[in-house]
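Asks: quick one: sequence plus predicted model below, questions after.
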Amino acid sequence: MALIKCKSCGADISDRATRCPQCGEPQTLNTTCPDCGTSYAETLSSCPNCGAPNRTRKVAHGEDPFVDGPSGKSRGIAAILAIILGGLGIQYFYIGKITAGVICVLVSVASCGSLAVVPSVLGIVQGIVLFTKDNEYFETNFVNSESTFPFM
């Protein structure tokens, strides 16, 4: 976090502040393009200089679930994998929790699919939870979790 000057009153404010705490003036948040280094408004969907997509852009109801987080993993992709292929634990392989993925596959194979209903239902629930939470929650509780079998 860095300090910048308010465009209206000149007070020192956080570069992440949406309003100046001194005068209340709305502030435009900027981001820097990783491809060309141009600074532009965070609300734009792409860099006005080179056209690279803005990976930090927020959507109206929270963060975009399909933007890769710091780990390079997308919450939206993990959620879709959990909903569609949760019975096989594919979402766990995607986020790097190999043991959890292997357990799901073994349960499905060893039971000839009869117990695959349990991880499938859990996968659907997990996918819905992932879609309703934010990227920080996903990174903390799934990708960077010490748990071998992160669920919620």
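Replies: Arrived safely, thanks for sending.

Asks: show the pLDDT at E63.
Replies: Here the pLDDT value assigned to E63 is 69.

Asks: cool, Y40 as well?
Replies: 80.

Asks: so who does it touch?
Replies: 30-31, 33, 47-49, 54 (CB atoms under 8 Å, 6 or more residues apart in numbering). Every residue, glycine included, has its C-beta placed from N, CA and C.

Asks: of the residues you listed, closest to F131?
Replies: The closest of those to F131 turns out to be N54 (CB to CB; 21.2 Å).

Asks: count the neighbours of V129 for me.
Replies: Using other CB atoms under 10 Å, V129 has 17 other residues around it.

Asks: so what's it closest to, chain neighbours aside?
Replies: Nearest non-adjacent residue to V129, counting by CB to CB, 6 or more residues apart in numbering: M152, 5.6 Å away.

Asks: you'd agree that neighbour is up against G127?
Replies: No - the criterion here is CB atoms under 8 Å, and M152 misses it with G127 at 11.4 Å.

Asks: neighbour count winner among the two?
Replies: Between M152 and G127, counting by other CB under 10 Å, G127 is the more crowded of the two (21 against 11).

Asks: the more buried one and I77 touch, don't they?
Replies: No - with contacts counted by CB under 8 Å, G127 stays clear of I77, the gap being 10.6 Å.

Asks: endpoint to endpoint, stretch 65-82 covers what distance?
Replies: For stretch 65-82, the first and last residues are 14 Å from each other (CA to CA, to the nearest Å).

Asks: and that stretch, how far out from the chain middle?
Replies: 6 Å (CA atoms, centre = their mean, to the nearest Å).

Asks: buried residues, that stretch. List them.
Replies: For stretch 65-82, the buried set under the neighbour-count rule, 16 or more other CB atoms under 10 Å, comprises 65, 67, 69, 73-82.

Asks: need these in a markdown table (columns: distance to Y92).
Replies: Listed next are the buried residues of stretch 65-82 as a markdown table, based on distance: CB to CB, whole Å:
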| residue | distance to Y92 |
| --- | --- |
| P65 | 18 |
| V67 | 21 |
| G69 | 17 |
| K73 | 12 |
| S74 | 15 |
| R75 | 14 |
| G76 | 16 |
| I77 | 13 |
| A78 | 9 |
| A79 | 13 |
| I80 | 14 |
| L81 | 9 |
| A82 | 9 |
